[in-house]
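[1] give me coordinates for this.
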Amino acid sequence: QVQLVESGGGLVQAGGSLRLSCAASGRTSSYGFVGWFRQAPGKEREFVAALLWNGGRLRYADSMVGRATISRDSAKNTVSLQMNSLKPEDTAVYYCAAGADYYSGGSNANAYRYWGQGTPVTVSS
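    Okay, here's the model as predicted:
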């Protein structure tokens, strides 16, 4: 079993930055892809970024290319999402997810087995 706890959300002005963290516990062999998704009010959950825990593959949503960086700290079992140049449309609850296998590609929410509770991000204009 894998447990995920997100932190780092909050209120930021447009153009600002936030760094989200996901603390993972459980067997690292179960992690597969670790990704970030977001869900805005009234909208479906959408992919933000993902990485393969064992290394070698990163994925970003087109809307986040050049504005987000996903990284991992193996020693601390954490995955971070650094977001810059934030826009009001980035406002959402951000979720950490894990457990999608290599062949899923990392961007399909249905492929993930484990989810955190989410951390809210609000970007004011």
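[2] give me the neighbour count for Asp101.
    Residue neighbour count, defined by other Cβ atoms under 10 Å, stands at 13 for Asp101. All C-beta spots, glycine's among them, are computed from the backbone N, C-alpha and C.
[3] same check, this time on Gln39
    Residues lying near Gln39 (other Cβ under 10 Å) number 15.
[4] isn't Val79 right up against Thr28?
    No - using Cβ atoms under 8 Å, Val79 and Thr28 do not qualify as a contacting pair, with a distance of 11.5 Å.
[5] where does pLDDT dip in this protein?
    Low-confidence segments of the chain, defined by pLDDT under 70, are absent.
[6] give me the most central residue, it.
    Trp36 (1.8 Å; Cα atoms, centre = their mean).
[7] residue contacts, Pro88?
    Going by Cβ atoms under 8 Å, 6 or more residues apart in numbering, Pro88 touches Ala14, Val123, Ser124, Ser125.
[8] got JSON lines for these, with secondary structure and distance to Tyr112 too?
    Below are the contacts of Pro88 laid out as JSON lines (DSSP: H, G, I helix; E, B strand; the rest coil; distance: Cβ to Cβ, whole Å):
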{"residue": "Ala14", "secondary structure": "coil", "distance to Tyr112": "30"}
{"residue": "Val123", "secondary structure": "strand", "distance to Tyr112": "25"}
{"residue": "Ser124", "secondary structure": "strand", "distance to Tyr112": "30"}
{"residue": "Ser125", "secondary structure": "coil", "distance to Tyr112": "31"}
